[in-house]
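Engineer: Sequence first, then the predicted structure:
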Amino acid sequence: MVRIKDIAEHCHRSTATVSKALHDSPELSPQTIEKIKRCARKMGYVPNAYAQALKLKRSYSIGIVFYDSTTKGGLRHEFFSGILESLKFTAEENGYAITFLSRNKPNSPRPRTYYEAAQFRNRDGVIIVSENFEDPEIVELVHSNIPAITIDYIFPGTTAIRSDNLSGTGKLVDYAASLGHKTIAYIHGERTDVTKKRRQSYTEARERNHLPILPGRIKQAEYHDPKSSGRETKRLLALGEKPTCILYPDDVSILGGLTALKEAGLEIPEDVSVIGYDGAEISCINRPMVTTWVQDSEELGSKAAEELIDAIEHPDTYVPKIVKVSGKLQPGATIKAID
(Lines give C-alpha, C1' and ligand atoms only; values in the text may rest on other atoms or scores of the structure.)
Protein backbone atom coordinates (compact mmCIF):
# COMPACT_ATOMS: atom_id res chain seq x y z
CA MET A 1 0.00 0.00 0.00
CA VAL A 2 1.38 3.40 -1.02
CA ARG A 3 1.75 5.81 1.90
CA ILE A 4 2.05 9.61 1.96
CA LYS A 5 5.63 9.11 3.13
CA ASP A 6 6.38 7.09 -0.05
CA ILE A 7 4.95 9.84 -2.25
CA ALA A 8 6.97 12.48 -0.39
CA GLU A 9 10.22 10.57 -0.95
CA HIS A 10 9.41 9.99 -4.62
CA CYS A 11 8.50 13.65 -5.25
CA HIS A 12 11.27 15.03 -3.02
CA ARG A 13 8.72 16.87 -0.91
CA SER A 14 7.88 16.87 2.78
CA THR A 15 5.07 14.68 4.03
CA ALA A 16 3.27 17.84 5.18
CA THR A 17 3.36 19.29 1.65
CA VAL A 18 2.10 16.05 0.11
CA SER A 19 -0.73 15.85 2.66
CA LYS A 20 -1.74 19.44 1.90
CA ALA A 21 -1.70 18.76 -1.85
CA LEU A 22 -3.89 15.67 -1.51
CA HIS A 23 -6.39 17.74 0.47
CA ASP A 24 -6.32 20.70 -1.96
CA SER A 25 -4.83 23.12 0.56
CA PRO A 26 -5.02 26.80 -0.52
CA GLU A 27 -1.48 27.17 0.85
CA LEU A 28 -0.14 25.48 -2.29
CA SER A 29 -0.33 26.57 -5.91
CA PRO A 30 -2.65 24.66 -8.27
CA GLN A 31 0.39 23.57 -10.25
CA THR A 32 2.09 22.03 -7.20
CA ILE A 33 -1.13 20.27 -6.16
CA GLU A 34 -1.64 18.78 -9.62
CA LYS A 35 2.00 17.66 -9.88
CA ILE A 36 1.87 15.82 -6.54
CA LYS A 37 -1.55 14.30 -7.30
CA ARG A 38 -0.29 13.07 -10.67
CA CYS A 39 2.65 11.45 -8.95
CA ALA A 40 0.34 9.86 -6.38
CA ARG A 41 -1.90 8.42 -9.11
CA LYS A 42 1.06 6.90 -10.95
CA MET A 43 2.20 5.25 -7.74
CA GLY A 44 -1.27 3.78 -7.17
CA TYR A 45 -2.09 5.81 -4.08
CA VAL A 46 -5.63 5.22 -2.72
CA PRO A 47 -6.97 7.75 -0.17
CA ASN A 48 -7.90 6.41 3.24
CA ALA A 49 -11.69 6.58 3.13
CA TYR A 50 -11.98 6.07 6.86
CA ALA A 51 -9.68 9.00 7.58
CA GLN A 52 -11.60 11.21 5.16
CA ALA A 53 -14.87 10.24 6.81
CA LEU A 54 -13.48 11.15 10.21
CA LYS A 55 -12.31 14.51 8.92
CA LEU A 56 -15.72 15.33 7.44
CA LYS A 57 -17.58 13.68 10.34
CA ARG A 58 -19.46 11.45 7.90
CA SER A 59 -19.90 7.71 7.56
CA TYR A 60 -20.97 7.93 3.89
CA SER A 61 -23.79 5.59 4.78
CA ILE A 62 -27.54 6.14 4.35
CA GLY A 63 -30.12 4.32 6.45
CA ILE A 64 -33.31 2.97 4.87
CA VAL A 65 -36.48 2.56 6.92
CA PHE A 66 -38.92 0.33 5.07
CA TYR A 67 -42.05 -1.03 6.66
CA ASP A 68 -45.23 -2.02 4.88
CA SER A 69 -47.18 -4.92 6.31
CA THR A 70 -49.77 -4.56 3.53
CA THR A 71 -47.44 -5.74 0.75
CA LYS A 72 -47.43 -9.48 0.29
CA GLY A 73 -44.13 -9.31 -1.58
CA GLY A 74 -42.56 -6.48 0.38
CA LEU A 75 -39.33 -5.39 -1.27
CA ARG A 76 -39.76 -8.14 -3.84
CA HIS A 77 -42.67 -6.18 -5.27
CA GLU A 78 -41.67 -4.43 -8.49
CA PHE A 79 -42.65 -0.93 -7.38
CA PHE A 80 -40.65 -1.00 -4.14
CA SER A 81 -37.71 -2.90 -5.60
CA GLY A 82 -37.56 -0.29 -8.37
CA ILE A 83 -37.32 2.50 -5.80
CA LEU A 84 -34.64 0.65 -3.85
CA GLU A 85 -32.53 -0.26 -6.87
CA SER A 86 -32.55 3.30 -8.20
CA LEU A 87 -31.87 4.73 -4.75
CA LYS A 88 -28.91 2.36 -4.29
CA PHE A 89 -27.45 3.18 -7.71
CA THR A 90 -27.67 6.95 -7.17
CA ALA A 91 -26.24 6.73 -3.65
CA GLU A 92 -23.30 4.59 -4.74
CA GLU A 93 -22.58 6.90 -7.67
CA ASN A 94 -22.09 9.63 -5.08
CA GLY A 95 -19.93 7.52 -2.78
CA TYR A 96 -22.61 6.47 -0.28
CA ALA A 97 -23.63 2.99 0.83
CA ILE A 98 -27.16 2.10 1.91
CA THR A 99 -28.23 -0.20 4.74
CA PHE A 100 -31.58 -1.02 6.31
CA LEU A 101 -32.38 0.23 9.78
CA SER A 102 -33.94 -2.28 12.14
CA ARG A 103 -35.60 -1.75 15.49
CA ASN A 104 -34.43 -5.15 16.65
CA LYS A 105 -31.55 -5.26 19.14
CA PRO A 106 -30.26 -8.77 19.94
CA ASN A 107 -30.25 -9.86 23.60
CA SER A 108 -32.09 -6.74 24.74
CA PRO A 109 -35.37 -6.57 26.68
CA ARG A 110 -36.27 -3.37 24.77
CA PRO A 111 -36.14 -3.03 20.97
CA ARG A 112 -33.97 -0.23 19.62
CA THR A 113 -35.95 2.60 18.00
CA TYR A 114 -35.24 3.72 14.44
CA TYR A 115 -33.58 6.87 15.77
CA GLU A 116 -31.40 4.88 18.16
CA ALA A 117 -30.47 2.50 15.34
CA ALA A 118 -29.51 5.40 13.07
CA GLN A 119 -27.37 6.93 15.80
CA PHE A 120 -25.78 3.63 16.77
CA ARG A 121 -24.88 2.88 13.15
CA ASN A 122 -23.76 6.48 12.58
CA ARG A 123 -25.94 7.02 9.52
CA ASP A 124 -25.51 10.37 7.78
CA GLY A 125 -29.19 10.48 6.85
CA VAL A 126 -32.27 8.33 6.36
CA ILE A 127 -34.90 7.66 3.71
CA ILE A 128 -38.27 6.49 5.00
CA VAL A 129 -40.92 4.38 3.25
CA SER A 130 -43.69 3.35 5.62
CA GLU A 131 -47.37 2.44 5.62
CA ASN A 132 -47.77 4.35 8.91
CA PHE A 133 -45.91 7.64 9.12
CA GLU A 134 -47.78 8.42 12.33
CA ASP A 135 -45.80 5.71 14.10
CA PRO A 136 -44.17 7.52 17.08
CA GLU A 137 -40.78 6.10 16.12
CA ILE A 138 -41.07 7.47 12.57
CA VAL A 139 -42.12 10.86 13.95
CA GLU A 140 -39.18 10.82 16.37
CA LEU A 141 -36.73 10.03 13.57
CA VAL A 142 -38.09 12.72 11.23
CA HIS A 143 -37.91 15.37 13.95
CA SER A 144 -34.40 14.38 15.07
CA ASN A 145 -31.09 15.98 14.08
CA ILE A 146 -30.56 13.33 11.38
CA PRO A 147 -31.41 14.48 7.82
CA ALA A 148 -34.48 12.59 6.62
CA ILE A 149 -36.40 12.20 3.37
CA THR A 150 -39.88 10.65 3.19
CA ILE A 151 -41.48 8.95 0.21
CA ASP A 152 -45.20 9.58 -0.27
CA TYR A 153 -45.80 11.45 2.98
CA ILE A 154 -45.34 15.10 3.97
CA PHE A 155 -43.98 16.32 7.29
CA PRO A 156 -43.69 20.11 7.69
CA GLY A 157 -40.07 21.17 7.25
CA THR A 158 -38.97 17.84 5.75
CA THR A 159 -38.37 17.00 2.09
CA ALA A 160 -40.93 14.59 0.65
CA ILE A 161 -40.69 12.72 -2.64
CA ARG A 162 -44.25 12.12 -3.83
CA SER A 163 -45.76 9.94 -6.50
CA ASP A 164 -48.95 11.35 -7.98
CA ASN A 165 -51.42 9.19 -6.06
CA LEU A 166 -53.71 12.19 -5.71
CA SER A 167 -53.98 12.70 -9.46
CA GLY A 168 -53.22 9.24 -10.88
CA THR A 169 -56.47 7.54 -9.88
CA GLY A 170 -58.45 10.60 -10.92
CA LYS A 171 -56.85 10.59 -14.36
CA LEU A 172 -57.82 6.94 -14.79
CA VAL A 173 -61.42 7.84 -13.97
CA ASP A 174 -61.23 10.77 -16.40
CA TYR A 175 -59.95 8.40 -19.09
CA ALA A 176 -62.73 5.87 -18.51
CA ALA A 177 -65.34 8.66 -18.47
CA SER A 178 -63.98 10.03 -21.77
CA LEU A 179 -64.72 6.62 -23.30
CA GLY A 180 -68.35 6.83 -22.18
CA HIS A 181 -68.22 4.89 -18.90
CA LYS A 182 -70.71 6.08 -16.28
CA THR A 183 -70.69 3.29 -13.71
CA ILE A 184 -67.07 3.01 -12.58
CA ALA A 185 -66.57 0.82 -9.51
CA TYR A 186 -63.44 0.99 -7.39
CA ILE A 187 -61.69 -1.78 -5.47
CA HIS A 188 -58.93 -0.20 -3.39
CA GLY A 189 -56.26 -1.52 -1.02
CA GLU A 190 -56.03 -1.40 2.76
CA ARG A 191 -56.62 1.89 4.57
CA THR A 192 -53.24 3.61 4.35
CA ASP A 193 -52.28 7.20 3.58
CA VAL A 194 -51.78 6.22 -0.07
CA THR A 195 -55.25 4.64 -0.20
CA LYS A 196 -56.76 7.76 1.35
CA LYS A 197 -55.26 9.91 -1.41
CA ARG A 198 -56.41 7.55 -4.14
CA ARG A 199 -59.97 7.43 -2.80
CA GLN A 200 -60.01 11.22 -2.65
CA SER A 201 -58.81 11.36 -6.24
CA TYR A 202 -61.49 8.86 -7.32
CA THR A 203 -64.26 10.88 -5.62
CA GLU A 204 -63.09 14.18 -7.08
CA ALA A 205 -62.93 12.69 -10.58
CA ARG A 206 -66.38 11.14 -10.21
CA GLU A 207 -67.81 14.53 -9.25
CA ARG A 208 -65.81 16.30 -11.96
CA ASN A 209 -67.26 13.99 -14.61
CA HIS A 210 -70.79 14.12 -13.13
CA LEU A 211 -70.85 10.37 -12.57
CA PRO A 212 -73.52 8.86 -10.32
CA ILE A 213 -72.83 7.70 -6.77
CA LEU A 214 -72.78 3.91 -6.77
CA PRO A 215 -73.90 2.42 -3.43
CA GLY A 216 -71.76 -0.59 -2.57
CA ARG A 217 -69.53 -0.15 -5.62
CA ILE A 218 -66.46 0.87 -3.61
CA LYS A 219 -64.82 -2.20 -2.08
CA GLN A 220 -61.70 -2.81 -0.01
CA ALA A 221 -59.29 -5.60 -0.89
CA GLU A 222 -55.56 -5.96 -0.19
CA TYR A 223 -52.68 -4.59 -2.20
CA HIS A 224 -50.83 -7.10 -4.38
CA ASP A 225 -53.30 -9.85 -3.48
CA PRO A 226 -55.27 -11.34 -6.41
CA LYS A 227 -57.30 -13.55 -4.07
CA SER A 228 -58.87 -10.66 -2.14
CA SER A 229 -59.51 -8.65 -5.32
CA GLY A 230 -61.17 -11.68 -6.89
CA ARG A 231 -63.38 -12.03 -3.82
CA GLU A 232 -64.44 -8.37 -3.93
CA THR A 233 -65.09 -8.60 -7.67
CA LYS A 234 -67.55 -11.42 -7.02
CA ARG A 235 -69.25 -9.27 -4.38
CA LEU A 236 -69.59 -6.44 -6.89
CA LEU A 237 -71.21 -8.76 -9.42
CA ALA A 238 -73.58 -10.10 -6.76
CA LEU A 239 -75.08 -6.61 -6.30
CA GLY A 240 -77.02 -6.94 -9.53
CA GLU A 241 -76.39 -4.46 -12.33
CA LYS A 242 -72.69 -4.76 -13.08
CA PRO A 243 -70.46 -1.70 -13.49
CA THR A 244 -69.12 -1.00 -16.96
CA CYS A 245 -65.61 -0.44 -15.58
CA ILE A 246 -63.72 -1.55 -12.46
CA LEU A 247 -60.57 0.08 -11.04
CA TYR A 248 -58.21 -2.22 -9.11
CA PRO A 249 -55.57 -1.45 -6.44
CA ASP A 250 -52.60 -2.52 -8.58
CA ASP A 251 -51.48 -4.65 -11.51
CA VAL A 252 -51.06 -7.78 -9.40
CA SER A 253 -54.46 -7.54 -7.72
CA ILE A 254 -56.18 -7.09 -11.06
CA LEU A 255 -55.31 -10.69 -11.96
CA GLY A 256 -57.78 -11.91 -9.35
CA GLY A 257 -60.42 -9.65 -10.84
CA LEU A 258 -59.78 -10.97 -14.35
CA THR A 259 -60.20 -14.54 -13.10
CA ALA A 260 -63.42 -13.76 -11.23
CA LEU A 261 -64.94 -12.02 -14.25
CA LYS A 262 -64.05 -14.88 -16.57
CA GLU A 263 -65.51 -17.40 -14.11
CA ALA A 264 -68.74 -15.36 -14.25
CA GLY A 265 -68.76 -15.78 -18.02
CA LEU A 266 -67.83 -12.17 -18.73
CA GLU A 267 -65.41 -11.12 -21.45
CA ILE A 268 -62.90 -8.28 -21.06
CA PRO A 269 -63.39 -5.63 -22.29
CA GLU A 270 -66.52 -6.62 -24.22
CA ASP A 271 -68.67 -7.06 -21.10
CA VAL A 272 -66.64 -5.25 -18.42
CA SER A 273 -63.63 -2.95 -18.69
CA VAL A 274 -60.88 -3.10 -16.05
CA ILE A 275 -57.99 -0.79 -15.08
CA GLY A 276 -54.94 -1.47 -12.92
CA TYR A 277 -52.31 0.68 -11.20
CA ASP A 278 -48.48 0.85 -10.91
CA GLY A 279 -47.37 -0.08 -14.42
CA ALA A 280 -45.80 -3.37 -13.32
CA GLU A 281 -44.16 -5.51 -15.98
CA ILE A 282 -46.95 -8.06 -15.69
CA SER A 283 -49.41 -5.47 -17.04
CA CYS A 284 -47.60 -5.59 -20.39
CA ILE A 285 -47.21 -9.37 -20.44
CA ASN A 286 -50.85 -10.13 -19.60
CA ARG A 287 -53.25 -10.70 -22.47
CA PRO A 288 -55.23 -8.61 -22.93
CA MET A 289 -52.62 -5.96 -22.09
CA VAL A 290 -53.74 -4.10 -18.96
CA THR A 291 -54.72 -0.45 -19.05
CA THR A 292 -52.95 1.06 -16.04
CA TRP A 293 -51.23 4.05 -14.45
CA VAL A 294 -47.43 3.78 -14.60
CA GLN A 295 -45.58 5.04 -11.53
CA ASP A 296 -41.96 6.08 -12.08
CA SER A 297 -40.36 4.13 -9.22
CA GLU A 298 -36.84 4.70 -10.57
CA GLU A 299 -37.30 8.47 -10.48
CA LEU A 300 -38.74 8.28 -6.95
CA GLY A 301 -35.65 6.41 -5.74
CA SER A 302 -33.07 8.57 -7.49
CA LYS A 303 -34.72 11.82 -6.38
CA ALA A 304 -34.83 10.61 -2.78
CA ALA A 305 -31.11 9.81 -2.83
CA GLU A 306 -30.17 13.07 -4.57
CA GLU A 307 -32.14 15.21 -2.13
CA LEU A 308 -30.79 13.42 0.94
CA ILE A 309 -27.17 13.69 -0.21
CA ASP A 310 -27.71 17.38 -0.90
CA ALA A 311 -29.12 17.83 2.62
CA ILE A 312 -26.18 15.91 4.15
CA GLU A 313 -23.47 17.76 2.27
CA HIS A 314 -24.98 21.27 2.43
CA PRO A 315 -26.66 21.45 5.86
CA ASP A 316 -26.42 25.24 6.09
CA THR A 317 -27.99 26.02 2.72
CA TYR A 318 -30.30 23.09 1.96
CA VAL A 319 -33.99 24.02 1.81
CA PRO A 320 -36.61 21.24 2.37
CA LYS A 321 -39.06 20.84 -0.47
CA ILE A 322 -41.81 18.66 -1.93
CA VAL A 323 -40.69 16.86 -5.09
CA LYS A 324 -43.50 15.43 -7.20
CA VAL A 325 -42.76 12.56 -9.56
CA SER A 326 -45.42 12.25 -12.24
CA GLY A 327 -46.75 9.01 -13.69
CA LYS A 328 -48.42 8.35 -17.01
CA LEU A 329 -51.33 6.47 -18.53
CA GLN A 330 -50.54 3.17 -20.21
CA PRO A 331 -53.41 2.52 -22.63
CA GLY A 332 -54.14 -1.18 -22.93
CA ALA A 333 -56.72 -3.58 -24.26
CA THR A 334 -58.76 -4.04 -21.07
CA ILE A 335 -61.03 -1.05 -21.64
CA LYS A 336 -63.31 -0.15 -24.52
CA ALA A 337 -65.37 2.85 -25.53
CA ILE A 338 -69.11 2.51 -24.96
CA ASP A 339 -72.13 4.46 -26.19
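Structural biologist: That came in fine, so what should we check first? Model, not experiment: these values are computed from the prediction.

Engineer: in this structure, which spans are strands?
Structural biologist: 61-67, 97-100, 125-130, 148-151, 159-163, 184-188, 218-220, 245-247, 273-275, 292-294, 322-325, 328-330 (DSSP state E).

Engineer: Please list all residues in contact with Ile338.
Structural biologist: Leu179, Gly180, His181, Thr244 (Cβ atoms under 8 Å, 6 or more residues apart in numbering). Every C-beta, even on glycine, is put in place using the N, C-alpha and C of the backbone.

Engineer: try it again with 10 Å
Structural biologist: Shown in contact with Ile338 (Cβ atoms under 10 Å, 6 or more residues apart in numbering): Ala176, Leu179, Gly180, His181, Lys182, Thr244, Cys245, Pro269, Ser273.

Engineer: what's the domain layout of this protein?
Structural biologist: Listed domain ranges for the chain are 4-45, 61-162+298-325, 165-294 (source: automatic domain parsing).

Engineer: Output the strands of the chain as CSV; include the columns distance to Thr169.
Structural biologist: Formatted as CSV, these follow (distance: least, Cβ to Cβ, whole Å):
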stretch, distance to Thr169
strand 61-67, 24
strand 97-100, 30
strand 125-130, 20
strand 148-151, 18
strand 159-163, 11
strand 184-188, 8
strand 218-220, 12
strand 245-247, 7
strand 273-275, 9
strand 292-294, 7
strand 322-325, 15
strand 328-330, 12
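
Engineer: can the ones you listed go into JSON lines with extra columns for distance to Thr233, mean neighbour count and mean pLDDT?
Structural biologist: Shown next, in JSON lines, are the strands of the chain (distance: least, Cβ to Cβ, whole Å; neighbours: other Cβ atoms under 10 Å; pLDDT from 0 to 100):
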{"stretch": "strand 61-67", "distance to Thr233": "29", "mean neighbour count": "21", "mean pLDDT": "88"}
{"stretch": "strand 97-100", "distance to Thr233": "36", "mean neighbour count": "14", "mean pLDDT": "90"}
{"stretch": "strand 125-130", "distance to Thr233": "29", "mean neighbour count": "24", "mean pLDDT": "92"}
{"stretch": "strand 148-151", "distance to Thr233": "30", "mean neighbour count": "25", "mean pLDDT": "95"}
{"stretch": "strand 159-163", "distance to Thr233": "25", "mean neighbour count": "23", "mean pLDDT": "93"}
{"stretch": "strand 184-188", "distance to Thr233": "7", "mean neighbour count": "25", "mean pLDDT": "96"}
{"stretch": "strand 218-220", "distance to Thr233": "8", "mean neighbour count": "17", "mean pLDDT": "94"}
{"stretch": "strand 245-247", "distance to Thr233": "7", "mean neighbour count": "27", "mean pLDDT": "97"}
{"stretch": "strand 273-275", "distance to Thr233": "9", "mean neighbour count": "26", "mean pLDDT": "96"}
{"stretch": "strand 292-294", "distance to Thr233": "17", "mean neighbour count": "26", "mean pLDDT": "92"}
{"stretch": "strand 322-325", "distance to Thr233": "30", "mean neighbour count": "15", "mean pLDDT": "94"}
{"stretch": "strand 328-330", "distance to Thr233": "21", "mean neighbour count": "16", "mean pLDDT": "92"}
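
Engineer: any idea how far Thr195 lies from Tyr202?
Structural biologist: Distance of Thr195 to Tyr202, computed by Cβ to Cβ, to the nearest Å: 10 Å.

Engineer: Poorly predicted segments of the protein, please.
Structural biologist: Within the chain, the ranges that satisfy pLDDT under 70 run 47-57, 67-77, 103-110.

Engineer: One more pass at 80, please.
Structural biologist: Scanning the chain for pLDDT under 80 picks out the ranges 1-2, 23-24, 46-59, 67-79, 102-111, 131, 165-166, 280-286, 339.

Engineer: the helices in it, which residues?
Structural biologist: With DSSP state H, the ranges of helices along the chain come out as 4-11, 15-22, 30-42, 49-56, 78-93, 114-120, 136-142, 165-178, 193-208, 226-237, 254-263, 281-285, 297-313.

Engineer: related to what we said a few turns ago, for PyMOL, what selects the buried ones among the contacts of Ile338?
Structural biologist: Selecting only the buried entries of the contacts of Ile338 in PyMOL, with 16 or more other Cβ atoms under 10 Å as the criterion:
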select buried, resi 176+181+244+245+269+273
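
Engineer: just the contacts of Ile338 now: which is nearest Val319?
Structural biologist: The shortest approach to Val319 among the contacts of Ile338 belongs to Ala176, at 39.4 Å (Cβ to Cβ).

Engineer: Quick check: phi and psi at Lys336.
Structural biologist: Dihedral pair for Lys336: phi -130, psi 160, per degrees, to the nearest 10.

Engineer: Distance check, the residue nearest to Val126 when sequence neighbours are not counted against Leu308.
Structural biologist: Computed as Cβ to Cβ, 6 or more residues apart in numbering, the closest residue to Val126 that is not its neighbour in sequence is Gly63, at 4.3 Å. Using Cβ to Cβ, we find Gly63 at a distance of 10 Å from Leu308.
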